[in-house]
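[1] Build me a structure from this.
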Amino acid sequence: MTFTTHSPPPSGHSEDQNKLLDTVLGIVKVQSHHMKNCLNDNKLMDGLKYASNMLAELRTSSLAPKAYYQLYMSIFDSLRYLTAYFIEVHQTDKHHLADLYELVQYAGNIIPRLYLMITVGAAYMGLPDAPIREIMRDMMEMTRGVQHPIRGLFLRHYLCGQTRNYLPVGMDIEPNGGIHESIQFTLTNFMEMNKLWIRLQHQGHSRDRNKRDIERGELRILVGSNLERLSQLDGLDLDVYRSAILPELLNEAISCRDVLAQEYLMDVIIQVFPDEFHLHTLEPFLSAIAQLHPNQQQQQQQQQQQQQQHKQQHDEPSEPSEQTDDCVDQTNHGAKDAGHVDVGDANHGDTASDKENKEMDQVDLDVEEQCIETDVAQHNNGSIDDGGAPDGEIVNGIPSNVELFKMFWEQIIVFVEARPDLSIDDITELLVSLVNLCLSCYPDRLDYVDQILLYCKDQCEGHVNSRGKVTQATQTNLISLLSAPIQKYESALTLLMLPNYGPLLQQQPYNTRRGLALGIVTNILTKSITISAPEDVHNILELCDILLRDQKDAPPATIPKAPSSHYDPLPKYTRSHLPKYNELDDDDDDGTNISEEQGLIAKLIQLFHSDDDDTQFLLLSAARRQIADGGARIRYTFPSLIFAALKLSHRYQTQDEQNDIWEKKVSTLYRFIHQVITNLYTNSSESADFCLRYYLMAGQNACSSGFEDSAYEFFTQALSVYEESISNSKSQFEAITSIIGVLGQTSGFSIDNYNVLITKAALHGSKLLKKPDQCRAVYLASQLWWKTGNDDAGNRKRTLECLQKSLKVADSCMDRVTSLELFVEILNQCIYYYDQGNDVITAKYINGLIDLIQAHLSDLDETDLYPFTSNSSSLLQHDGSAKHVRRYFMSTIRLLKSRQDSEEEGRSKYKDIVLVSMD
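    As a prediction, the model looks like this:
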């Protein structure tokens, strides 16, 4: 047994208590010493006199409960010695315990008399032929003579502890009685102690009310120990509990009309009796809750009760501890099994008037929530057995003949309707416990969960209409309520089968909706849940609406801003950076988190999959309809949609049956891709670079499928994007080389369409701002008029024209080193065409180009520095000298030399090329 308080008494009072306690402990020590000496000398009467003097110190009214407890424990140690002496003299036939029982009743004062009477009586009950029933009745009647709250509580606690091992058990009617006599004895002692405990609040002046409340908190374990004894009686089963114990306990809890007593007693009932007893007696227990006192103190027990239930869910049920004669063991064991909470749990600092104005029904709520959580725990433990109840199949740990949810539901509805002033905080807290019960015990009954969600939605609507904003506590409860299905169900898609989940979610504040939406998406991504129905795509994105489009109630910091043009359209998802979905602050609502959120949506799109190609298209269409209104968000999400659509186009290409219907489907798909890219380009100008590449990818894909018109449209759109939105020199060069590269790899265009596209690309390349960029773009564009096997003379001529134009541009560069570098690059391009058999590129042409480069190299002064001309296209980084150009040129000459020396077929034509010396 431990006694704790929130705040110590005044220092002066504490010093007085310590002095007084030291004095009485000194007296007890002296009297105990004399008692033991007399008993050792077989001086019974003298020993009883000293024992009576020692016990007389328990008559004091000056000690606080903590000090009185220390006095009690000191005397208890001496009484154990006296008990052993009584048993010894009886066994040696010096004195019979019956005679001693009569003898000690002649003590002059009632406190010493009753303690001695209980000491002898308990030892007497241990004899085989003892009249246990009469002794129990006699001791119970005699203890009624002490009505002082503190003295009476400790006296009856001593009676309970001393007799616990000798109470009759069994169902047979015998002279000494059976379990019913033990139950009645313990219940009577409990009720009398409860009355004394309640009476303690009325002692002294009203100004000391707070102090007395603290003292009551310190003494409550004495009352609860009786119920712990009841739960440990041999032969106790469900029928006995239901018929003889529970009605008496509930009647006492209801009739006492004391808030603190009701809360503690209902708590102890739940804690000390087996779970299966509660399961089969829920109806009367819940009915009693509604009859408890309406006023309450603000008790801070809910969190500790939840922690205890959490521990119970993870620990196997343990057997009751072996009882000992040590009072310390008794009280500590009682504190553990009776759910002891330190005195500091009560709000003892309130005045009497404050307590009368406290919020209604917290006692009822705490007890009902704990009862629900106890049933959840017993389901998780798998510890429920029938306990003598009618046979019923066990389903998810609950007997099929016990309608657990319906009982709780009906009682909660009646309870809430009977208390119209009940706060929304308390209602939602009850519903959280109930939904956890449903998810644990009835995982397949979605209708139960939806019923709770509907009721919660209606209650929240009524509260908002009448009282305005909800409190932080209510928001926390609603988050727990809405996140429980996400955590418990295997798939977040189960939420779609709860019609009232979405409406309740939409009632919540911005940060709550955002956090829960992140929880839903994260759940799907973590478990890689495939979504294969268009309606599921629509509905799941509807639940995550807050992540897809702007909200009216969004704080300004959460409106997404257009990111820089260097942003990766498919960012990596770093889960640790995501806001937890039980956070209610918006400190993390910056651009970084928005990009991560949209990265999650982009990943989610990749889980929209069906093996049927037509259904896959419907999935993507449903996704586009939901995310198209995202504004700047589509920069993050549309690329994923584009790639998914291009992947689908490859699936269509592999189909065996390619008829008119197939063509319509593929054409529709390409129109879909075109609309998505165009929408992205129109609404996100910073995405122009990416949109150009998406158009090129789609055009190449459409051309390979044989859809020339679609491909042509994609390429023309790419060129339009280049003309309208690409202004940076580096970006322009990269874009034009991408266009040239994709066009060079594309086949399937008609000659006219192809010529239009490549001419436009070459023209854009020739108009680049910087000369080196122009030169490189033009000689790269020369490949567009030359492909292996193409014998068209006009094409070969256009190739030569491009090379000559690039030479002209290179020669116009003011920096001679840059010009030479470009000459060498053009030489390498000419060698490629010569090797591929383009007859307009002759050995004579290559020889002339080699001579030109050699002449320019000879004119360079190695000691001079030639500043490198700024350009966007150079692949080399160098220090501005001519050495790198010479090395580059000589590497090309060595390549030609190796081909001249080669014996391979077709290499003989290289002998016509005149090489310069490599010295």
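[2] pLDDT below threshold where in the stretch 501-650 of the chain?
    557-592 (pLDDT under 70).
[3] could you pull out the helices for it?
    Listed in chain order, the helices of the stretch 501-650 of the chain (DSSP state H, counting those that start in this stretch) span 501-506, 510-527, 534-543, 545-548, 591-605, 613-627, 634-653.
[4] can you tell which of those is closest to residue 682?
    helix 634-653 (9.9 Å; Cβ to Cβ). For glycine as for every other residue, the C-beta is placed from the backbone atoms N, C-alpha and C.
[5] Give the next helix or strand downstream of that closest one.
    Past helix 634-653, further along toward the C-terminus, the next helix or strand under DSSP states H and E is helix 660-683.
[6] buried ones in that following helix?
    For helix 660-683, a neighbour-count test (16 or more other Cβ atoms under 10 Å) marks 666, 669-670, 672-674, 676-677, 679-681, 683 as buried.
[7] next one: stretch 78-97
    For stretch 78-97, by 16+ other Cβ under 10 Å, it's 78-79, 82-83, 85-86, 89-90, 95, 97.
[8] Correct me if wrong: residue 54 contacts residue 24.
    No - counting by Cβ atoms under 8 Å, residue 54 sits too far from residue 24 to count as a contact (9.9 Å).
[9] Which residue of those two possesses the greater neighbour count?
    Neighbours per residue (other Cβ atoms under 10 Å) separate residue 54 from residue 24, with residue 54 holding more: 26 against 22.
[10] before we move on, what SS does the more buried one have?
    helix (DSSP: H, G, I helix; E, B strand; the rest coil).
[11] Leaving out chain neighbours, which residue sits closest to it?
    residue 31 (3.8 Å; Cβ to Cβ, 6 or more residues apart in numbering).
[12] Quick one: list the elements packing against the helix or strand containing the one you found.
    Using DSSP H and E, residue 31 maps to helix 11-40. Where contact means 3 or more Cβ pairs under 8 Å, 6 or more residues apart in numbering; DSSP states H and E, helix 11-40 is packed against helix 44-56, helix 65-91.
[13] Give me the average confidence score over the shortest one.
    This predicted structure assigns helix 44-56 an average pLDDT of 95.
[14] swap in stretch 140-153?
    94.
[15] what does it rub up against?
    58-59, 61, 63, 65, 68, 110-111, 114, 117-118, 155-156, 159, 185, 188-189, 192-193, 196-197, 199-200, 203, 215, 219, 222-223 (Cβ atoms under 8 Å, 6 or more residues apart in numbering).
[16] Check the residues you listed for burial and list the buried ones.
    Looking at the contacts of stretch 140-153 with 16+ other Cβ under 10 Å, the buried ones turn out to be 58, 63, 65, 68, 110-111, 114, 117-118, 155-156, 159, 185, 188-189, 192-193, 196-197, 200, 215, 219, 222-223.
[17] Quickly note the distance from residue 835 to residue 138.
    122 Å (Cβ to Cβ, to the nearest Å).
[18] what do you get for residue 763?
    119 Å.
[19] Between those two, point out the one with more neighbours.
    The residue with more neighbours, out of residue 763 and residue 138, is residue 138; 15 against 12, by other Cβ under 10 Å.
[20] Give the other helices and strands that the host helix or strand of residue 819 contacts.
    Assigned by DSSP H and E, residue 819 belongs to helix 816-836. The helices and strands touching helix 816-836, judged by 3+ Cβ pairs under 8 Å, 6+ apart, are helix 771-781, helix 793-811, helix 843-859, helix 883-900.
[21] hey, least reliable of these by pLDDT?
    Minimum mean pLDDT among the helices and strands packed on helix 816-836: helix 793-811, a mean of 88.
[22] In CSV, list the C-alpha atoms belonging to that helix.
    Extracted in CSV, the C-alpha atoms of helix 793-811 (Å, rounded to 0.1, in the frame of the first residue of the first chain):
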residue,chain,number,x,y,z
ALA,A,793,20.1,11.8,-104.6
GLY,A,794,18.2,14.7,-103.2
ASN,A,795,18.7,13.5,-99.7
ARG,A,796,22.4,12.9,-100.2
LYS,A,797,22.7,16.4,-101.5
ARG,A,798,20.9,17.9,-98.5
THR,A,799,23.3,16.1,-96.2
LEU,A,800,26.2,17.8,-98.0
GLU,A,801,24.5,21.2,-97.8
CYS,A,802,24.1,20.8,-94.0
LEU,A,803,27.8,19.9,-93.6
GLN,A,804,28.9,22.8,-95.8
LYS,A,805,26.7,25.2,-93.9
SER,A,806,28.1,24.0,-90.6
LEU,A,807,31.7,24.5,-92.0
LYS,A,808,30.7,28.0,-92.9
VAL,A,809,29.3,28.7,-89.4
ALA,A,810,32.4,27.2,-87.8
ASP,A,811,34.7,29.4,-89.9
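[23] in that helix, what's buried?
    795-796, 798-800, 802-803, 805-807, 809-810.
[24] ok, the residue nearest to residue 532 when sequence neighbours are not counted - contacts?
    Using Cβ to Cβ, 6+ apart and skipping the chain neighbours, the partner closest in space to residue 532 is residue 610 (4.5 Å). Residue 610 makes contact with 532-533, 616, 619, according to Cβ under 8 Å, 6+ apart.
[25] Most neighbours among those, please name it.
    In those, the most neighbours by other Cβ under 10 Å go to residue 619, 24 neighbours.
[26] pretty sure that one is in contact with residue 538, am I right?
    No - contact criterion Cβ under 8 Å: residue 619 and residue 538 do not qualify, at 9.6 Å.
[27] Could you list every helix and strand in contact with the helix or strand where residue 266 lies?
    Assigned by DSSP H and E, residue 266 belongs to helix 259-272. Helix 259-272 is packed against helix 179-199, helix 209-231, helix 246-256, helix 362-381, with contacts defined by 3+ Cβ pairs under 8 Å, 6+ apart.
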